[in-house]
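Trainee: Pasting a predicted model and its sequence here:
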Amino acid sequence: MSEIPEYNPTDLDRAAVQIVLERITESQSSAPECVVCGQRANILDRFGACSKTTTAHQEHRAELEAEENIMQKRSR
Ligand SMILES: [Zn+2]
């Protein structure tokens with residue numbers, strides 16, 4: 001059996017992780033929020049949803065797409 005070496009982060013490791021996490025939070029603070037899950041994402045699709053493919057996201061896209069199609073038919 002192979003042994004998995006125990007990971008003991010040093011204070012320096014923890015500090016580095018903290019800095020990276022803060023930078024990520026900072027860079028995302030101006031990003032728009034997904035209308036489905038509320039997660040900030042740099043890129044939202046034209047339905048205002050992030051790139052997740054959960055059922056909720058798929059249903060949201062399908063709903064708005066159906067609405068779009070109806071609107072387009074009406075405007076013709
Ligand atoms: Zn989302």
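Mentor: That came in fine, so what should we check first?
Trainee: Contacts only, for the closest residue to residue 29 other than its chain neighbours.
Mentor: Using C-beta to C-beta, 6 or more residues apart in numbering and skipping the chain neighbours, the partner closest in space to residue 29 is residue 40 (7.5 Å). Yep, even glycine has a C-beta here, placed from its N, CA and C like the rest. Contacts of residue 40 were listed using C-beta atoms under 8 Å, 6 or more residues apart in numbering, and they are 28-29, 31-34.
Trainee: Could you pull out the buried residues of the lowest-mean-pLDDT helix or strand in the chain?
Mentor: Least confident helix or strand of the chain, by mean pLDDT, DSSP states H and E, is helix 11-28 with a mean of 89. Neighbour-count burial for helix 11-28 flags no residue at all (criterion: 16 or more other C-beta atoms under 10 Å).
Trainee: longest single helix anywhere in this structure?
Mentor: helix 55-75 (DSSP state H).
Trainee: list the helices and strands that one packs on?
Mentor: Contact here means 3 or more C-beta pairs under 8 Å, 6 or more residues apart in numbering; DSSP states H and E; on that basis helix 55-75 packs against no helix or strand.
Trainee: Can you name the residues of the chain sitting close to the ion?
Mentor: Within the chain, the positions adjacent to the ion are 34, 36-37, 50, 52 by C-beta under 5 Å from the ion.
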